[in-house]
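Visitor: I'd like to go over a predicted model; first the sequence, then the structure.
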Amino acid sequence: MQFMLLFSRQGKLRLQKWYVPLSDKEKKKITRELVQTVLARKPKMCSFLEWRDLKIVYKRYASLYFCCATEGQDNELITLEIIHRYVELLDKYFGSVCELDIIFNFEKAYFILDEFLLGGEAQETSKKNVLKAIEQADLLQENEMGLFYALLAAVSTLN
Amino acid sequence: MPAVSKGDGMRGLAVFISDIRNCKSKEAEIKRINKELANIRSKFKGDKALDGYSKKKYVCKLLFIFLLGHDIDFGHMEAVNLLSSNKYTEKQIGYLFISVLVNSNSELIRLINNAIKNDLSSRNPTFMCLALHCIANVGSREMAEAFASEIPRILVAGDTMDSVKQSAALCLLRLYKTSPDLVLMGEWTSRVVHLLNDQHMGVVTAAISLITCLSQKNPDEFKTCVSLAVSRLSRIVSSASTDLQDYTYYFVPAPWLSCKLLRLLQCYPPPEDGAVKGRLVECLETILNKAQEPPKSKKVQHSNAKNAILFEAISLIIHYDSEPNLLVRACNQLGQFLQHRETNLRYLALESMCTLASSEFSHEAVKTHIETVINALKTERDVSVRQRAADLLYAMCDRSNAKQIVAEMLSYLETADYSIREEMVLKVAILAEKYAVDYSWYVDTILNLIRIAGDYVSEEVWYRVIQIVINRDDVQGYAAKTVFEALQAPACHENMVKVGGYILGEFGNLIAELPFSAPCSSTFSQRPRRLSKRCCAMSWLVHLQQTVHNSDQYYVQTSEVVSPVPQATVLEEMPPFPERESSILAKLKKKKGPGAVSVTELEDGKREGGELNGGGERGPETASCVSQSTPSPSADLLGIRSVAPVGASLSSAGSLLVDVFSEAGPAAPSAAVNDDGFLRYKAVLWLSSCKVSAPPSEDPAPPLSEADELLDKFVCKNNGVLFENQLLQIGIKSEYRQNLGRMYLFYGNKTSVQFASFTTTVSCPGELQPQLNVQSKPVEPLVEGGAQIQQVLNIECITDFSEAPLLNIKFRYGGALQNLTLKLPVTINKFFQPTEMASQDFFQRWKQLSQPQQEAQKIFKASHGMDTEVIKAKLLGLGMALLDNVDPNPENYVCAGVIQTKGQQVGCLLRLEPNAQAQMYRLTLRCSKDLVSRRLCELLAQQF
């Protein structure tokens, strides 16, 4: 996968993750064009489209569009399910996720994504394992490092 | 889980985000942001040391501002400070900031790398993962330099936690993509491959992406992964839907891993080990079987995951291209999807079938779905699906269905989306030419193409139809008649007029008997635009001229009456077309945003189409694009209005076509000053047709009518008698090495009388000039009766070529000037180097050369006996290596060779399939350069 974009129906970018090196200018240009292109498509249209030399796989969840750019020979359907799994992860973490959760906790959305996908490839597809990693981190948040290992032990007994 | 404010909840950040959301205008937002930036800057610069929480909060705000699309030029140092915090969330925010806003500031990179190094050696898995995520996200060369040697060790170490292994594998993949030279697996290779056996599915899932990428680049070093991948796949495919617990996704066991395994196997040929192969074929069959089972869930996720594996399995089957049974099953399965209610599946089935169509095992099976595909082309509501249908029709097209497919594509073109018209036009043109059985069908098709989608018919297409008409005298009359009729339509596309101009100009005389009447003259007088009018006028006038030309006795008189006037008109210089016309239009386009009033409906549609295609920015660039007259859709469109680009592009065409069929160049000196290539060309044509039959001159004679036949005799041999008449015999000996050749010409005087003023000239006409270099020394001007003189030619092939050099011989025999021109038998195949290869290599290369233009094919009747030894001798004489035991059918002949030119090597593969019963041959050539395929095909078709 080359990049993933989340944007609203109004075209506001909510999350952007780039797995290939591009300049900020290029990123902005791609985002602008792609958001326009995807928003112009009608419901019931196919979830895949060829755009430049990329294959775009996108899906709309409520007010948000999730959009992945893959290389030509990548599997479109499995990419579609990558999107779905990410939505499930967000949903589970925030509890019925909505756009506002992602706006106000954007950093969490990035952290979850990093646990799930790394360098554009699936790192861990088990929902349980991804959330375990995130929750572990949440438990760590306000504790001094001295408590770290005690907590780690607690977490592993919780699971 | 609490629904809001997960983690530590930075209140200040939440307030700031709310403020931004409440801004009523962009200005208000910018104002609020600037206020915040000033605040943060003062905090960072202040005397009071900030605590970790505040630092984290401000860095996070800066990140938010950046993600909104604003520039951030400070805060990097504070973020780097966070990396060395002991608190996890502070560290985490620091890493996030660095990941999103990398700065190539070397000082910072050093600090960042230091922090990463500390975390990697902390043995704290959570910190190690954060550091690895950061490297994977940034993936810069500096990071590769610092960590590429460390990470493989972490990846394979026995005591590394699973989650760290997963991050390390993908981190390494990212570094390998950025700097493959720095990532050296070496001693780790085997242990990395064995990660495919890891107990933890997550580790396998992550590691396989790395292994796939490494295998693509170093297949040999990683080939042990094949058997491991097959056994892993087999275990997953045969597991029950609940066996894999959390790795089961909507009742589908490990869909991501399965897809990745199948993808990895596509880096390799079918397994050689029979047992492994058997197990794999079993897996593939199981996957195909499962597709027929009733779904375990109605959720789309279930069917998507299941079908993702199925499509990947089909890709592998197509990649192997060796299991006819599986290929046909795959094709049937895709056939079912063609009518599925899910648009996504229809799309993918069309796409996948496209590759199946090129396999000889499944081509016929794909063809059975033609009606469904045509229907898809007509009824799909989504343009991207229709596009796939059009691609598939193109791929499944062969001689048997070409007429139907071309007809369907043409009718689709009438309503096709603007975004895909240009491509469709090209496809129709290619198919029409490739599968033309009778050329009148071809001419009809191209004229229809121009009628329906004239704007999208690029120069290449309409030049081609003219070339073909010129080369085939059996279609010339028909073409002339057809364009003549087409030009009488009340509205004619510009391109139709151009084609008409050329064809009538050349072959108008063939339809001289047709009464040409008012409609024609009115056609051109109604043309609104200058260029059109001229083209048409010219085509009409030239036509008139040639009609009259037919009867010599009228000629002089007519030329006096008719010629001077139109000649003057024709040669009158076209006023130069100033740039401003096109730039005004460009400006107009630039000013109008999308949705503004459009110049024409058509243009509007085009702009829309351009955007769908991501067709670049419309703006200042457009102006330059127009003036360069590229054949892109927008330039083409504008070209109609601004004549300059059309003229400019035509000049190249003009010269090309002049070379093809006119030697009258010097006859029109005054035309040469004209800037307009088209007009220049037409003027030349005009003058050449005006010329009264040439007075006996010292100009080289045109090549003998039998020159081509003489040339054909030497395609497969190098020595022999090239020409003989009552006076003269010309023998040839030649040898070739690499891209160089030497030819000895022997001129024998068969009479008893001396030949005087004996001169020979070798020339490379037209486009051959830069392609072939022939040097010769002058010969003695006297050839005694019965004597023979010799001449040596040195030949160098610069690049591939199609024409033959000309040899002109002039001498006086008993006072009379003898003047004859022959074609020298220097053909492209003379520069072949034979290439031996094994069957597998041959077919792999054959497949690589699968673009339609790389292939040339001819089916023709045997004109000699079909004796095996004779055929073999001829193929050997051709210069290619004749390969045994390559073609599954022993009757067929396959050859391979490389044409050596100065600039490049052109790989060529040949397949000759004789059909003794029908006394026919099918000859197929695939070359890395398309013109070469065609030329070789033409040459060879005359040999058997």
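Guide: Yes, it's here.
Visitor: Quick check: longest helix in chain A by residues?
Guide: Counting by DSSP state H, the longest helix found in chain A is helix A:76-94.
Visitor: what's that one packed up against?
Guide: strand A:54-61, strand A:64-70, helix A:99-104, helix A:106-116, helix A:127-140, helix B:255-265, helix B:300-320, helix B:343-356 (3 or more CB pairs under 8 Å, 6 or more residues apart in numbering or on different chains; DSSP states H and E). Heads up, the C-betas are built off the backbone N, CA and C, glycines and all.
Visitor: and the fourth one, what other elements does it pack with?
Guide: Going back to what we said before, that points to helix A:106-116. strand A:13-18, helix A:76-94, helix A:127-140, helix B:52-67, helix B:88-100.
Visitor: Could you do the second one as well?
Guide: For strand A:64-70, the packing partners by 3+ CB pairs under 8 Å, 6+ apart come out as strand A:3-8, helix A:24-39, strand A:54-61, helix A:76-94.
Visitor: Dump the ones you listed to CSV, plus distance to B:Phe714 and mean neighbour count.
Guide: Output for the helices and strands packed on strand A:64-70, formatted as CSV (distance: least, CB to CB, whole Å; neighbours: other CB atoms under 10 Å in any protein chain shown):
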stretch, distance to B:Phe714, mean neighbour count
strand A:3-8, 59, 22
helix A:24-39, 56, 16
strand A:54-61, 51, 20
helix A:76-94, 54, 22
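Visitor: And the pLDDT at the residue sitting nearest the centre point of chain A?
Guide: Among the residues of chain A, the one closest to the centroid is A:Leu113, at 4.8 Å (CA atoms, centre = their mean). Looking at A:Leu113, its pLDDT stands at 95.
Visitor: ok, now B:His369?
Guide: Note for B:His369: predicted pLDDT of 92.
Visitor: List phi and psi for it.
Guide: Backbone torsions of B:His369, given as degrees, to the nearest 10, read phi -90, psi 10.
Visitor: What's the local residue count around it?
Guide: By the measure other CB atoms under 10 Å in any protein chain shown, the count of residues near B:His369 is 23.
Visitor: For chain A, which helix or strand comes out least confident on mean pLDDT?
Guide: helix A:148-158 (a mean of 60; mean pLDDT, DSSP states H and E).
Visitor: Might you report the residue contacts of A:Ile30?
Guide: By CB atoms under 8 Å, 6 or more residues apart in numbering or on different chains, the contact list for A:Ile30 reads A:3, A:22.
Visitor: Quick check: B:Ile151 touching B:Arg174?
Guide: No: counting by CB atoms under 8 Å, B:Ile151 stays clear of B:Arg174, with 10.1 Å between them.
Visitor: any common contacting residues for these two?
Guide: Residues touching both B:Ile151 and B:Arg174 by CB under 8 Å, 6+ apart: B:Ile135.
Visitor: More neighbours: which of those two?
Guide: Comparing B:Ile151 with B:Arg174 by neighbour count (other CB under 10 Å), the higher total belongs to B:Arg174, at 28 against 22.
Visitor: and that one, what element?
Guide: helix B:162-178 (DSSP states H and E).
Visitor: for that helix, the distance to its chain's centre please.
Guide: 35 Å (CA atoms, centre = their mean, to the nearest Å).
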